[in-house]
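Asks: Predicted model and sequence below, questions to follow.
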Amino acid sequence: MLTKLWFQKLDANWGQMKQMGMAKMDVDGTSMTKLLNSGWATEYSTDVKTKMMGMEMVITSVTKLVEKSWK
């Protein structure tokens, strides 16, 4: 319910936000996948930097395959 109200407010004020330059988002990032010789992915990592409405957010994630079930 709270999320619905937030989106309604955002939608109602979008034109004003756009005029103020707050409707733009800059994104810069890289992603990397490590593969075994067989072609299976063992690790996927991302580094992303976003900037919106004067705020910067940095997201770093690493996903690793820790168990395999194939033979």
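Replies: Now that the structure is in, tell me what you want to look at. Numbering: from 1, shown residues only.

Asks: Packing partners of the host helix or strand of V27?
Replies: Following DSSP states H and E, one finds V27 within strand 25-35. Strand 25-35 sits against strand 41-52, with contacts defined as 3 or more Cβ pairs under 8 Å, 6 or more residues apart in numbering; DSSP states H and E. Quick note: C-beta positions are derived from backbone N, CA and C, even for glycine.

Asks: Which elements pack onto the strand it packs on?
Replies: On a contact count with 3+ Cβ pairs under 8 Å, 6+ apart, strand 41-52 meets strand 25-35, strand 55-64.

Asks: for the protein, which helix is longest?
Replies: Scanning the chain for the helix with the most residues, using DSSP state H, yields helix 2-12.

Asks: worst-scoring helix or strand of this protein, pLDDT-wise?
Replies: Least confident helix or strand of the chain, by mean pLDDT, DSSP states H and E, is helix 2-12 with a mean of 75.

Asks: got the contact list for that one?
Replies: Under the contact criterion Cβ atoms under 8 Å, 6 or more residues apart in numbering, helix 2-12 has outside partners M17.

Asks: Buried ones in it, by neighbour count?
Replies: Within helix 2-12, no residue is scored as buried using 16 or more other Cβ atoms under 10 Å.

Asks: any idea which helix or strand comes after that helix?
Replies: helix 14-19.

Asks: any idea of the mean pLDDT for that next one?
Replies: Mean pLDDT, helix 14-19: 79.

Asks: Alpha carbons of it, in PDB - could you do that?
Replies: C-alpha atoms of helix 14-19 as PDB (Å, rounded to 0.1, in the frame of the first residue of the first chain):
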ATOM      1  CA  TRP A  14       7.000  13.800 -12.800                       C
ATOM      2  CA  GLY A  15       6.600  16.900 -15.000                       C
ATOM      3  CA  GLN A  16       7.900  19.100 -12.200                       C
ATOM      4  CA  MET A  17      10.800  16.800 -11.500                       C
ATOM      5  CA  LYS A  18      11.700  16.700 -15.200                       C
ATOM      6  CA  GLN A  19      11.800  20.500 -15.400                       C
END
